[in-house]
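1. fold the following for me, if possible:
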Amino acid sequence: MIRVGFRMALAYRSSLVMTVIALIAQVFLLRMIWANVYGGSHLGFTLEELLAYLTLANLQGFATQMVVGRIVAWRVGSGTVFFDLARPVGYLRQMTAFQVGNTAASLLMLLPVIPVVLLVGSVTAPADLPGYLASLLLGYLIAVELALLVSMISFWTLEIGAVQLLFQLVSRFFAGAMVPLSFFPGFLGVLADALPFKYLGFVPAGLYVGHLTDLPRVLAVEAAWVLGLWGLLALTWSRARRRVVIQGG
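-> Just a heads-up that it's a prediction; the model follows:
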């Protein structure tokens with residue numbers, strides 16, 4: 001399944017290339033906007049740290065983009081989920097492996113353009129590289145689990161295009177890829193802090209630039225989210241598998 005996910009990503013290279021181009025343009029535009037409107041230091045970020053944060057957060061957003069939700073929904077709608085369920089390996093393990101392979105291929109395509117992204121964006125020396133990598137890995141697991149949870153809805157409704165679009169918008173906003181969560185006011189900041197989306201962007205990038213320093217607590221909470229979401233996912237799957245309706249005969 002890892003190999004299948006890897007080869008499928010490379011089969012649609014044009015889509016990956018366009019995504020990379022959009023990533024470069026987004027980082028460049030964010031740099032131009034923030035460099036012109038941001039002055040001094042605000043809420044713990046200097047301009048240099050902010051630009052590095054935004055560059056990293058958007059690179060992470062590319063690395064943690066999930067295709068497994070669309071694959072699950074399509075296979076449920078087409079009836080080909082039957083073959084997945086007939087395999088001896090558990091369904092959730094299959095889909096997780098597929099996503100890992102797809103991510104590996106995406107990162108392979110990203111490697112040649114990372115220097116370009118850093119050129120149009122910004123980068124600083126890491127404040128805590130091991131802590132950053134550990135948080136990024138846990139954040140990736142959270143992203144996979146959330147994508148699988150959303151995809152489980154397809155076992156009840158068959159069509160989840162609108163739900164996936166809403167999830168993508170909400171998760172991207174609360175990951176802090178456009179604006180650091182430290183800048184969120186009042187209730188919005190409290191809500192962002194309570195949701196798991198911050199581990200997809202804000203937390204790893206914040207550790208990298210030194211904005212966040214309480215590493216043991218951060219990793220402990222992040223690991224708790226990984227375990228909690230996996231338990232919720234296992235429970236949801238135990239119900240979803242009873243709802244399977246094979247489409248297309």
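2. drop to CA atoms for contacts and neighbour counts, all remaining ones
-> Noted.
3. excluding chain neighbours, what is closest to the spatially most central residue of the chain?
-> For the chain, residue 64 is the residue whose C-alpha lies nearest the centre (C-alpha atoms, centre = their mean; 3.2 Å). Among residues not flanking residue 64 along the chain, residue 140 sits closest, at 5.8 Å (C-alpha to C-alpha, 6 or more residues apart in numbering).
4. over to residue 99?
-> residue 68 (5.7 Å).
5. residues in contact with the one you found?
-> 95-96, 98-99, 144, 147-148, 151 (C-alpha atoms under 8 Å, 6 or more residues apart in numbering).
6. check which helix or strand residue 191 maps to.
-> Secondary structure from DSSP states H and E places residue 191 in helix 186-194.
7. how about residues contacting that helix?
-> Counting by C-alpha under 8 Å, 6+ apart, residues outside helix 186-194 touching it are 174, 181-184, 198.
8. thinking again about what came up before, next, the residue nearest to residue 99: phi, psi?
-> Note on residue 68: its backbone torsions stand at phi -60, psi -30 [degrees, to the nearest 10].
9. per-residue confidence at it?
-> Note on residue 68: pLDDT of 91.
10. now the helix or strand bottoming out on mean pLDDT in the chain: buried residues?
-> Ranked by mean pLDDT, DSSP states H and E, the weakest helix or strand in the chain is helix 114-120, scoring a mean of 76. By 16 or more other C-alpha atoms under 10 Å, the buried positions in helix 114-120 come out as 117-118, 120.
11. may I have stretch 171-187 exported as CSV, CA atoms only?
-> Extracted C-alpha coordinates of stretch 171-187, given in CSV (Å, rounded to 0.1, in the frame of the first residue of the first chain):
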residue,chain,number,x,y,z
SER,A,171,-8.0,23.1,9.3
ARG,A,172,-5.9,25.4,7.2
PHE,A,173,-7.1,28.5,9.0
PHE,A,174,-6.6,27.0,12.4
ALA,A,175,-3.2,25.5,11.6
GLY,A,176,-1.9,29.1,11.4
ALA,A,177,-0.4,28.9,7.9
MET,A,178,-1.6,32.4,7.0
VAL,A,179,-1.5,34.1,10.4
PRO,A,180,0.2,32.8,13.6
LEU,A,181,-2.3,31.7,16.2
SER,A,182,-0.7,34.1,18.7
PHE,A,183,-2.4,36.9,16.7
PHE,A,184,-5.9,35.5,17.0
PRO,A,185,-8.0,37.6,19.3
GLY,A,186,-10.3,36.6,22.2
PHE,A,187,-12.5,33.6,21.7
